[in-house]
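sharing a model prediction with you, sequence too.
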Amino acid sequence: MTTELVKRPDVQALLDRVAGLDQAGGDARLKPILRDLVEAIFSILDKHDISESEFWGAVKYLTEGAPELGLIVPGIGIEHFLDILLDERDKAAGIAAGGTPRTIEGPLYVAGAPVSEGAATMTDREEDGERLVMHGVVRDLDGNPVPGALVDVWHADTRGFYSHFDPTDQQPPFNFRRRIQTGDDGAYRFNTIMPSGYAVPPDGAADRLMKALGRHGKRPAHIHFFVTAPGFRHLTTQINIADDPLIHDDFAFATRDGLIPEVTRAGGTAEIVFDFALLPEAAGAAYAFSERPRTAA
Ligand SMILES: [Fe+2]
């Protein structure tokens, strides 16, 4: 959608110089990407007749909103689009289908949660809320259990706050964050409290953007996972709590078919059974765990 003005030879020459195309040094991968990015910005400025004040307002928004980029990126669908893109690259590379679908990580993972064998209790203290037990088996694509898999789980509390990011500072370190190592049966199990959905911080940059778009900044209740095992591809995913009213109205677009297990309730405890299916490590493919910045504690 390059506009006629941006196609003009003097503007195209400007873009070449901006991207350092007339220079021998620099990063050969970055140059054409930066050129396309700036060309897209030029064209948007032209196409939408953007005023100087609007432009500098956008710069101010990005400058001040930078700490919330981890929420803005999923909120404008980019993190979900990365999943769509990776799925398509898998298809193009002939990578086997049938594994548990990937979905977005979000910005609230903390590395280094306590590890236990086979089962875990997600909190060290008495927590109010609906009791939840979730369990299942980590399997390969043939359905065989995967021993030695690590199920790294994290979720919000009943107020929708995550430990280490709790604005009320009321949770101990690693509350509702655990890693469970599977034994020979590939099984994992954890006891916890039903998490709540949550919203982006009120009046923050993500919230203001959502309001300006006529949208909300809420997520349905969900539980995050990394599942890893030697010889298998790293899986980043979430399961959604099936009866949350926002399940198909997630501001971060993370809900996917295959990630909405049934919740059964008996004797005051909710139960979710969910097996993970891991893809084999694809030789020669760049499917390592992404290198995004993460908190460690
Ligand atoms: Fe989350």
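Yep, it's here.

please make it C-alpha for all contacts and neighbour counts, starting now.
Will do.

got the residue ranges for the strands in the stretch 51-200 of the chain?
Using DSSP state E, counting those that start in this stretch, the strands assigned to the stretch 51-200 of the chain run over residues 110-111, 115-117, 119-121, 131-139, 150-154, 177-181, 187-193, 198-199.

residue 223 is nearest to which of these?
The closest of the strands of the stretch 51-200 of the chain to residue 223 is strand 150-154. By Cα to Cα, the value is 6.2 Å.

given the closest one, what are its sheet partners and their directions?
Strand 150-154 has the following sheet partners, assigned by DSSP bridges: strand 177-181 (antiparallel), strand 222-228 (antiparallel).

from the chain's centroid, how far away is stretch 116-123?
For stretch 116-123, the gap between its own C-alpha mean and the chain's C-alpha mean amounts to 23 Å (Cα atoms, centre = their mean, to the nearest Å).

same list (the strands of the stretch 51-200 of the chain) but as a markdown table, adding mean neighbour count.
Compiled in a markdown table, the strands of the stretch 51-200 of the chain are given as follows (neighbours: other Cα atoms under 10 Å):
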| stretch | mean neighbour count |
| --- | --- |
| strand 110-111 | 16 |
| strand 115-117 | 16 |
| strand 119-121 | 19 |
| strand 131-139 | 19 |
| strand 150-154 | 24 |
| strand 177-181 | 25 |
| strand 187-193 | 22 |
| strand 198-199 | 18 |
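
Throw these into TSV and include mean pLDDT and distance to residue 259, thanks.
Shown next, in TSV, are these (pLDDT from 0 to 100; distance: least, Cα to Cα, whole Å):
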stretch	mean pLDDT	distance to residue 259
strand 110-111	96	22
strand 115-117	98	24
strand 119-121	98	21
strand 131-139	98	13
strand 150-154	98	15
strand 177-181	98	20
strand 187-193	98	17
strand 198-199	94	18
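
tabulate the ones you listed (CSV), appending distance to residue 33.
Below are the strands of the stretch 51-200 of the chain laid out as CSV (distance: least, Cα to Cα, whole Å):
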stretch, distance to residue 33
strand 110-111, 31
strand 115-117, 41
strand 119-121, 45
strand 131-139, 39
strand 150-154, 34
strand 177-181, 37
strand 187-193, 43
strand 198-199, 33
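
among these, which is nearest residue 250?
Comparing the strands of the stretch 51-200 of the chain under Cα to Cα, the one sitting nearest is strand 198-199, at 9.9 Å.

downstream of the closest one, the next helix or strand is which one?
In the C-terminal direction, the helix or strand that comes right after strand 198-199 (DSSP states H and E) is helix 205-212.

related to what we said a few turns ago, figure out which of the strands of the stretch 51-200 of the chain is closest to residue 275.
Ranking the strands of the stretch 51-200 of the chain by distance to residue 275, with Cα to Cα as the measure, places strand 131-139 first at 4.7 Å.

for that closest one, packing partners?
Where contact means 3 or more Cα pairs under 8 Å, 6 or more residues apart in numbering; DSSP states H and E, strand 131-139 is packed against strand 187-193, strand 269-273, strand 276-277.

could these go into a markdown table alongside distance to residue 230?
Supplementary listing: those in a markdown table, determined by distance: least, Cα to Cα, whole Å:
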| stretch | distance to residue 230 |
| --- | --- |
| strand 187-193 | 16 |
| strand 269-273 | 24 |
| strand 276-277 | 14 |
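
and these: which comes nearest residue 218?
strand 187-193 (19.9 Å).

by contact count, what packs against that closest one?
So strand 187-193, by 3+ Cα pairs under 8 Å, 6+ apart, packs with strand 119-121, strand 131-139, strand 177-181.

alpha carbons only: can I get it in PDB?
What follows is the C-alpha trace of strand 187-193 in PDB, where atoms were taken according to Å, rounded to 0.1, in the frame of the first residue of the first chain:
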ATOM      1  CA  ALA A 187       1.800 -38.000  34.300                       C
ATOM      2  CA  TYR A 188       1.500 -34.600  35.900                       C
ATOM      3  CA  ARG A 189      -1.000 -33.300  38.500                       C
ATOM      4  CA  PHE A 190      -1.400 -30.100  40.400                       C
ATOM      5  CA  ASN A 191      -3.700 -28.800  43.100                       C
ATOM      6  CA  THR A 192      -4.600 -25.200  43.100                       C
ATOM      7  CA  ILE A 193      -7.300 -22.500  43.200                       C
END
